[in-house]
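Visitor: predicted model follows, preceded by the sequence.
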Amino acid sequence: MTMVTAATQPLRPEFVPASFKSELKPIWCKGCGNYAVLTPIHKALAEVGVPPHEVAVISGIGCSSRIPGYCATYGFNSIHGRALPIATGVKLAKPHMTVIAAGGDGDGLSIGGGHFPHAGRRNVDITYIMMDNEIYGLTKGQASPSTPVGDLTKTTPYGSMDRPLDAASLALAYNVSFVARCFVGEGAHLVQTITEAIRHPGFAFVHILSPCPTFRGVDEFKEIRQHIEFLPDDYKTDERNAAFTAASRTDGKISLGVFFREERATLVENADILSEKAKAKGKNTIQEIFSQFMP
Amino acid sequence: MTMVTAATQPLRPEFVPASFKSELKPIWCKGCGNYAVLTPIHKALAEVGVPPHEVAVISGIGCSSRIPGYCATYGFNSIHGRALPIATGVKLAKPHMTVIAAGGDGDGLSIGGGHFPHAGRRNVDITYIMMDNEIYGLTKGQASPSTPVGDLTKTTPYGSMDRPLDAASLALAYNVSFVARCFVGEGAHLVQTITEAIRHPGFAFVHILSPCPTFRGVDEFKEIRQHIEFLPDDYKTDERNAAFTAASRTDGKISLGVFFREERATLVENADILSEKAKAKGKNTIQEIFSQFMP
Amino acid sequence: MNVNEITIGIVGSGGDGSITCGELLTKAAARVGLYALLLKSFGPQIRGGESSVRLRISTHPISYQGDRLDALVVFSWNEYLKFQDVLALKTGALVIHDETAEPDYSEKAPLDPSMEARYIHVPFRELAEQSAGDKLAKNMVMLGMISRMLNLPLDDLEKIIYAKFSKKGDEVAQANHKATEAGAEYAAKLNISSEVPTLDWSPRPAKMVISGNDAAACGALTAGCRFFAGYPITPSTEVMEWLMKELPKVGGKVVQTEDEISAMNMVIGAGYAGDMAMTATSGPGLSLKQEAIGLAGMAEVPCVILDVQRCGPSTGVPTKSEQSDLMAAIYGTHGDGVKVVLAPNSVPDCFHVIRKAFEIAEAYQLPVLVLSDQFIGHRSETIDPFDPNLPPVPHRTLAENGQLENFKRYSLENPNGVSPAVTLSTQGGEHLVSGIEHDETGRPVSSYSIHEEMNRKRHTKMYEAMMQFGRVHEFGADDAEIGLIGWGSSLGVLEEAVERCNKLGFKAAGLVPEMIHPLPAEAVQSFIDGKQHVLVVELSYQAQFFRYLKSMLNHTDRMTSYARSGAKTLTAEEIVHAIQQRQETVLA
Amino acid sequence: MNVNEITIGIVGSGGDGSITCGELLTKAAARVGLYALLLKSFGPQIRGGESSVRLRISTHPISYQGDRLDALVVFSWNEYLKFQDVLALKTGALVIHDETAEPDYSEKAPLDPSMEARYIHVPFRELAEQSAGDKLAKNMVMLGMISRMLNLPLDDLEKIIYAKFSKKGDEVAQANHKATEAGAEYAAKLNISSEVPTLDWSPRPAKMVISGNDAAACGALTAGCRFFAGYPITPSTEVMEWLMKELPKVGGKVVQTEDEISAMNMVIGAGYAGDMAMTATSGPGLSLKQEAIGLAGMAEVPCVILDVQRCGPSTGVPTKSEQSDLMAAIYGTHGDGVKVVLAPNSVPDCFHVIRKAFEIAEAYQLPVLVLSDQFIGHRSETIDPFDPNLPPVPHRTLAENGQLENFKRYSLENPNGVSPAVTLSTQGGEHLVSGIEHDETGRPVSSYSIHEEMNRKRHTKMYEAMMQFGRVHEFGADDAEIGLIGWGSSLGVLEEAVERCNKLGFKAAGLVPEMIHPLPAEAVQSFIDGKQHVLVVELSYQAQFFRYLKSMLNHTDRMTSYARSGAKTLTAEEIVHAIQQRQETVLA
Ligand SMILES: Cc1ncc(C[n+]2csc(CCOP(=O)(O)OP(=O)(O)O)c2C)c(N)n1
Ligand SMILES: Cc1ncc(C[n+]2csc(CCOP(=O)(O)OP(=O)(O)O)c2C)c(N)n1
Ligand code: SF4
Ligand code: SF4
Ligand SMILES: [Mg+2]
Ligand SMILES: [Mg+2]
């Protein structure tokens, strides 16, 4: 059984990024940010050093959600918005596996937005990678919950009017125990953050700014580059309220880095504790369990 | 057309709390907190001074969600978790009406939790009253997303393990433009807060601690009483990050009061702006609209 | 007069304790090996409020609640009015009522005089006060009286009372026991046995007392279910509550999810990973799960969904039974969905059918939906104890090492459509699974020919599952002219109706399929082919089952439908009446 | 040779511009009043990637895409292979292909030599380079060539080209126009008309060019729809996109919701308040909406749900058509749900059927589900312009002042089940609405008798809606022996098949119901009763429509099923073939 721990060395150095790359050629558009997420995931998995068969990548539906097909691991390209519950089921059934949930801003903040708080409060030990392109890519360019105010999309022909949601701030309100933000233009940081997220014992959320040149224009990448700012070196990652402030800046800057991390009992650990408590009551054979129905 | 404004006098003083009370006798248990929410709603409506036929109360399913039946207004006791979308539809169809969405912690944070962020970011001008009893009352005592860690319920026979969600903190992360917390033991504050919430132009969220003696014990009321603390007089309601800190205290105290308020364009206003923008393009008759299909 | 079965009703308001009394009687019956079937009804209040029970006790196995009551205990006629529907009396039935509460009951009694009810006034409160020092113990007085009528031994009753009340201290238990004794004595004095039929029985091994929901949960446990995710909903919640308590004892994982959509998807995750996984819900939850049920079929993930039906549509009547989720269960997901639908017909059958559901799910790698209902889910029965040594059902066929090279998760090789699976973390078994149409390796495709082939594969599995596991229950006369078809929880009432028909001189037989979808059509066809007239009985205003049978069979013009809304259980009386009517028409 | 219709295919990879060419040809045809039907197909990529069009142009109305192609333009044989299924050629068809790209095409061409294709090599790139100074204009060269074949006037083409490209500047438009001229000239020189049939027509009034999705959106606009909420999903998204742009112009409200559940509930909110409200989705969204659709039926809220079907189950094949949401549409919600299901059969019919959906929804206060599909939703047709002056459909019956005292929202008075409604904010009309079973005033109840009565009320409305609005399309021989039944978008192909059958000497007639549920059973019954044999044609592996018809009709043994998966459009050829086979069996 391979346990993912907070180690800093690959557990199994024989695995290299290519070990995690599948034969399927991505059909993303030229210049799509998601290419720059895929390789870092492969690198991070190699860095952590888990064998491919001990990894499951679970997604919903969307351009970004095609990512399981491009990983030589177990993969499930499921239905729109349901990556988190499926990943939770996988993790509970196979606690020793490294489980990654991945998908888009629409998948995770819109249709799947109801699952996010609960994955957070359960502290299910999976890594959730959200590729936020501020648009619905797969369905060809409708507004997403993170589309900025004023933007023209296929469903906001007169400009978007709803205040966008910030995924990292939400995660903090949800008691997520590891919350980070990255940008596909910062590859090394991305690899490092995903690696830490995978190593984090508990629910780890990585919010990735991953532009869609096709439906948000080819300049988006450069635009974001101008606004990003890494968290200061002396930033403390153990204060949720401060983290909330850092994640939801209103000065036009976008902070990158790990906003918050906390170690607390994970869903898998809690399930074990639950089992112990239940067993402690005695009467654990089926015969004994059934005896409660004898008058 | 009766517009709800930020006035402080009843618009129509001929309506008294009893004007909003229906003939149906509540079937809540003795001592249920919800009684102490129902009357304040009637009082607040009288205080605002809208005629009953200009009010719609929309709920999901739960003990608390029975509240529309007890109001002599338009009422919709819908399905579990969907009060907010239905209320949004009502408000857009009848912008001049006062629309109240109401329900429980399970209804709003669990099954309906995916709608909350979006009602917030749209700033739909309704008042959302959540009666949080930290339990599923109607289905007889299962854990809810706000059940404290360690508590025994029908579905946590060995103690609840998931970190509870705080509805007010979530609302703040969701950009809700009016966020308050009340306790049924503080009736005057409750009336005042609901009144302000109804008057608030935009989405107003009132988180009400409303104990369920039947499934959380008769001491819960006293327990909460010991932990509540009103926000200080000099508290500023215009800083979201500070509000988040005040709402999610970790010192065991529970703040009551209005955490945050902000005036910004509401969904109804935005819909009007949208119409203006669309019309400004000209070609607004059906004939003209159809002409786009002529080659 | 000695009889071998008796049906009793008890009705009261909040504090009257009718439910407790019914439950204790059922347990007492179980201890001496009697068969009992207990139905409870509540008013709309969460706690307290009016309630009633209906108890049939018998020396032989029963799965029908009986038509009309032999005896009724009434604490309040006001409350009785609310339950009239389900507590109809036999002519000449015994009516025991509380003297002190409503003195002029015999006049106040809202019963038609032509019913010729015989009234006994019992000073319940007084007797309780005297014996237990607490007039609230009046239900215990009643318990004693009824036990006497049923010849139930007082010492068994004592044990049950102590088991029930010992948590509250020995004193309370003792007081309650005293009240019981007082009731029994009073009954003896009244010489009730001369007034009513007395149950004649001899002791047999003790039985289990269990509800359909608990039985289903037990079935899951023994089948090997080790993952449960669900969201509370009446009338299915007990399944979850029981499994939350028990599954962790055998290392199983349980999650109360944020909604039904999450529950279904979590179950798919666990099932995909290799666990036997299950969820339970009722109508509204079934609707919410539909999209994910389609995914389970498409991705070929074994899992079990239990739907304990209640009255629909929408929120409907959450606490009452109906059979109107049938079509939604069969066809509810969009597209040509893939699943098997089974229906248990009694409390113990919930146990067996859930086991079978897991067996089919694993054997054919598809979702199996089990359609129970509030009627069997909530009723208590005394039944022969389940065998705790039943082996878990066989796990899905796994790919062997040789098959792992270029692993084809959706291999078309096997003519029965089943492709060897892997459990997650098998080395070399890495593959992609998706709800998108896919080729043998799992990769997304949009070609017609592959879509057609894969549809065939998936539907072949369903057909093969039916061929292997499809089963129908048949009963009644061999040379029957009249056929009665129903499904699920109607088995008991149909058996009773068939028996009565045969007594009345109509040669009748009955059929209840255990597998609903795919329908074991050959068996059903040959049943109807032999009959002059077939009546399809169900609790669905739309006659969903009748429509479904017509859609799957040939020469169905001889079938007619007896269908009505739920919220009231079917009676043999109404079915026999319907047959008599139809026969007149048919023979005319 | 002059003909009155012609079918052309064009296939290319990303930059080849096949789609643009097809669209411009369709518009050119529309300008001169020709009928045209354009099908587009794309590869799996979001943007770019291979694509093909199939265009049938005719002097008479068409709603069938034609069997095999008269002519094919190929930019790349590699890409052709991906679309073979939908681009089969007639024997002797003309194949025009790009000389420079693949010189040895005639050898490389993957066509069976027995097809006797006649190849023409055209130096598209070269001609484009010469005429427009840009070899990317090769699709414009092709456009010119084909226009020539079709006798389409170059000046109409010019106008269309300018309209299309003027945004990019006059220069671009001019260059493109030049390329078109070059293509036309080249075709004239080749004397193509001697090689292929030439379309013979005379000008008529200009037509609209529109897709089924846009037509549906237009229908909603004119019906009086003033509220739309939806969530994007292929292949329905265009309906939302169009309404987001246009509804605000007439004061309508539009919301892109967070998911389909929200959309459906928001529509219920608006419908309850008094608006005519609608949502649009496809299979997965339909599944998610099921719970709320049940609520709409129970609360008696008028609303319209458009489902543009794609291949299922689960995510299936999102870009391809199928008819497999039928049962989910009819029966998908739990309980005895209440709704009407309609199906449009062509692009213009989408307009009319959506209008009718609103009419029925308002008249009977229930949800109306419209089952379109990708086939008609995404195809473009040239059609007679819609009448912009059609009045909005009548609003639901409102309670009059006298009825407001002790207002009974669910009054049982009217024998057709319809109770007068109020729009919100009517003084004195305050009432409670719920998804819980309720009495006439809307208050929650759990009694059997009220539940039964209310079920009857709700289902009576459905029946009455069918009696008033239920309609079937019939066509073909009066004395037909063979019947063809299909539904929705199959009307065109069935008409064609019936015609061919009659030519082949089988006397055939066809029927396509516009209202699917409740089925206008009398009309369908009398159609099948008169026939020797009836073939039910559909794109559903499970044969859902066939099963549904059986369930609703009598004497159905003469019906057989022709059902297959979608992802490939039905052809008249395969249907006629199926009939021939069946006839052999039947007559043997
Ligand atoms: C239930 C359901 N609703 C809608 C869709 C259509 N759909 C597929 S992906 C998608 C949104 C994609 O956006 P996002 O999640 O941000 O992913 P991206 O393509 O931008 O990476 C939608 C609406 C669907 N497949 N299923
Ligand atoms: C789709 C669906 N799932 C589940 C239920 C069952 N149900 C009704 S109310 C409720 C929870 C009630 O809790 P809450 O919202 O906190 O309200 P309370 O009763 O505590 O006021 C549940 C699970 C339902 N009616 N519909
Ligand atoms: S549409 Fe956008 S998100 Fe999708 S593949 Fe293309 S660039 Fe990437
Ligand atoms: S169960 Fe709890 S919440 Fe429900 S009515 Fe009773 S006290 Fe109130
Ligand atoms: Mg996106
Ligand atoms: Mg609650």
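Guide: It's in. Ligands and ions are numbered 1, 2, ... in the order given.
Visitor: ok, the closest residue to ligand 2 within the stretch 1-150 of chain A to B:His115 distance?
Guide: Closest approach between the stretch 1-150 of chain A and ligand 2, counting by Cβ to the nearest ligand atom: A:Gly114, at 12.5 Å. Where you see a C-beta, it was placed from the backbone N, CA and C, and this is true even at glycine. As for A:Gly114, its distance to B:His115 is 8 Å (criterion: Cβ to Cβ, to the nearest Å).
Visitor: swap in C:Lys135?
Guide: In terms of Cβ to Cβ, C:Lys135 sits 50 Å off from B:His115.
Visitor: do the same with C:Lys207
Guide: From C:Lys207 to B:His115 the distance is 48 Å (Cβ to Cβ).
Visitor: same thing with C:Ala179?
Guide: 52 Å.
Visitor: buried residues, the helix or strand hosting A:Cys182. List them.
Guide: Assessed by DSSP states H and E, A:Cys182 sits inside strand A:178-183. Residues of strand A:178-183 classed as buried by neighbour count (16 or more other Cβ atoms under 10 Å in any protein chain shown): A:178-183.
Visitor: coming back round to it: which residue, other than its chain neighbours, is closest to the residue of the stretch 1-150 of chain A closest to ligand 2?
Guide: Closest residue in space to A:Gly114, ignoring its immediate chain neighbours: B:Gly114 at 2.8 Å, by Cβ to Cβ, 6 or more residues apart in numbering or on different chains.
Visitor: next, the buried residues of stretch A:271-280.
Guide: Under 16+ other Cβ under 10 Å, the buried positions of stretch A:271-280 are A:271-272, A:274-275, A:278.
Visitor: of the residues you listed, closest to ligand 1?
Guide: A:Ala271 (29.6 Å).
Visitor: what is the least confident helix or strand in chain C?
Guide: Least confident element among the helices and strands of chain C, by mean pLDDT, DSSP states H and E: helix C:105-108 (a mean of 55).
Visitor: which element follows that helix toward the C-terminus?
Guide: Going down the chain from helix C:105-108, the next helix or strand is strand C:118-122, by DSSP H and E.
Visitor: contact residues of chain C facing ligand 4?
Guide: By Cβ under 6 Å from any ligand atom, the residues of chain C that approach ligand 4 are C:46-47.
Visitor: in chain C, what residue lies closest to ligand 5?
Guide: C:Ile436 (17.8 Å; Cβ to the ion).
Visitor: how close does that residue get to C:Gly377?
Guide: 36 Å.
Visitor: next: C:Ala296.
Guide: Taking Cβ to Cβ, one finds C:Ala296 at 23 Å from C:Gly377.
Visitor: next one: A:Ile289
Guide: With Cβ to Cβ as the criterion, A:Ile289 and C:Gly377 are 20 Å apart.
Visitor: look at residue 57 and give its secondary structure.
Guide: If you meant another chain, say so; for now it's chain A. strand (DSSP: H, G, I helix; E, B strand; the rest coil).
Visitor: actually it's chain C I care about, not the one you picked
Guide: strand.
Visitor: C:Ile6 is in contact with that one, correct?
Guide: Yes. Counting by Cβ atoms under 8 Å, C:Ile6 is a contact partner of C:Ile57 at 5.7 Å.
Visitor: compare these two and say which is more crowded by neighbours.
Guide: C:Ile57 (27 against 20; other Cβ atoms under 10 Å in any protein chain shown).
Visitor: which pLDDT value belongs to the more buried one?
Guide: C:Ile57 carries a pLDDT value of 95.
Visitor: so what's it closest to, chain neighbours aside?
Guide: C:Ala36 is the one closest to C:Ile57 (Cβ to Cβ, 6+ apart), at 4.7 Å.
Visitor: can you tell me the SS state at C:Glu126?
Guide: helix.
Visitor: same check, this time on C:Ile46
Guide: Going by three-state DSSP: C:Ile46 is coil.
Visitor: what does A:Lys140 give?
Guide: coil.
Visitor: if I pick it, what's in contact with it?
Guide: A:154, A:215, D:46, D:237 (Cβ atoms under 8 Å, 6 or more residues apart in numbering or on different chains).
Visitor: from ligand 4, how far off is whichever residue of chain A sits closest to chain B?
Guide: Here chain A gets closest to chain B at one residue, A:Gly114, 2.8 Å apart by Cβ to the nearest Cβ. Going from A:Gly114 to ligand 4 by Cβ to the nearest ligand atom, to the nearest Å gives 23 Å.
Visitor: I'd assumed that residue was in a strand, is it?
Guide: No. Using three-state DSSP, the secondary structure at A:Gly114 is coil, not a strand.
Visitor: I'd say it and B:Gly113 touch.
Guide: Yes. Counting by Cβ under 8 Å, A:Gly114 does reach B:Gly113; the two are 4.6 Å apart.
Visitor: can you list the residues of the stretch 1-150 of chain A near chain C?
Guide: Residues of the stretch 1-150 of chain A lying close to chain C (Cβ under 8 Å from any Cβ of the partner chain) are A:22, A:24, A:51-54, A:56, A:58, A:61, A:68-69, A:72-79, A:82, A:84-94, A:96-97, A:114-115, A:117-118, A:122.
Visitor: from these, list the ones also adjacent to ligand 1.
Guide: Restricting these to those near ligand 1 - Cβ under 6 Å from any ligand atom - leaves A:Ile61.
Visitor: quick one, which of the residues of the stretch 1-150 of chain A next to chain C are buried?
Guide: Of these, these count as buried by 16+ other Cβ under 10 Å: A:22, A:24, A:51-54, A:56, A:58, A:61, A:68-69, A:72-79, A:82, A:84-94, A:97, A:114-115, A:117-118, A:122.
Visitor: tell me which of those fall in helices.
Guide: If you go by DSSP state H, those have A:84-93, A:117-118, A:122 in helices.
Visitor: want to try TSV for the residues you listed, with distance to ligand 3 as columns?
Guide: Below are those laid out as TSV (distance: Cβ to the nearest ligand atom, whole Å):
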residue	distance to ligand 3
A:Leu84	20
A:Pro85	24
A:Ile86	22
A:Ala87	21
A:Thr88	26
A:Gly89	27
A:Val90	25
A:Lys91	27
A:Leu92	31
A:Ala93	31
A:Pro117	26
A:His118	27
A:Arg122	30
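Visitor: returning to what we had before: need the overlap of contacts for A:Gly114 and B:Gly113.
Guide: C:Glu258.
Visitor: for C:Leu243, which non-adjacent residue is spatially closest?
Guide: In space, C:Leu243 is closest to C:Phe228, 4.6 Å off (Cβ to Cβ, 6+ apart).
Visitor: next SSE after the one helix or strand C:Phe83 maps to?
Guide: Assigned by DSSP H and E, C:Phe83 falls within helix C:77-83. Next in sequence after helix C:77-83, counting helices and strands by DSSP H and E, comes strand C:89-98.
Visitor: quick one: that next one to strand C:118-122, angle?
Guide: 20 degrees (axes from the mean of the first three to the mean of the last three Cα atoms, to 10 degrees).
Visitor: low pLDDT regions in the stretch 101-250 of chain A?
Guide: For the stretch 101-250 of chain A, not a single residue meets the criterion pLDDT under 70.
Visitor: write out the residues of chain C neighbouring ligand 3.
Guide: Counting by Cβ under 6 Å from any ligand atom, no residue of chain C is near ligand 3.
Visitor: quick one: residues contacting the residue most central in space within chain C.
Guide: For chain C, C:Ile376 is the residue whose C-alpha lies nearest the centre (Cα atoms, centre = their mean; 2.1 Å). By Cβ under 8 Å, 6+ apart, the contact set of C:Ile376 is C:212, C:344-347, C:349-350, C:488-489.
Visitor: farthest pair within those?
Guide: C:Val347 and C:Gly488 (12.4 Å; Cβ to Cβ).
Visitor: wait, C:Lys253 sits on A:Lys91?
Guide: No. C:Lys253 is beyond contact range of A:Lys91, at 9.6 Å (criterion: Cβ under 8 Å).
Visitor: quick one, helices of chain A?
Guide: Using DSSP H, helices in chain A cover A:35-48, A:83-93, A:105, A:116-122, A:167-173, A:187-199, A:213-216, A:220-227, A:240-247, A:267-280, A:286-290.
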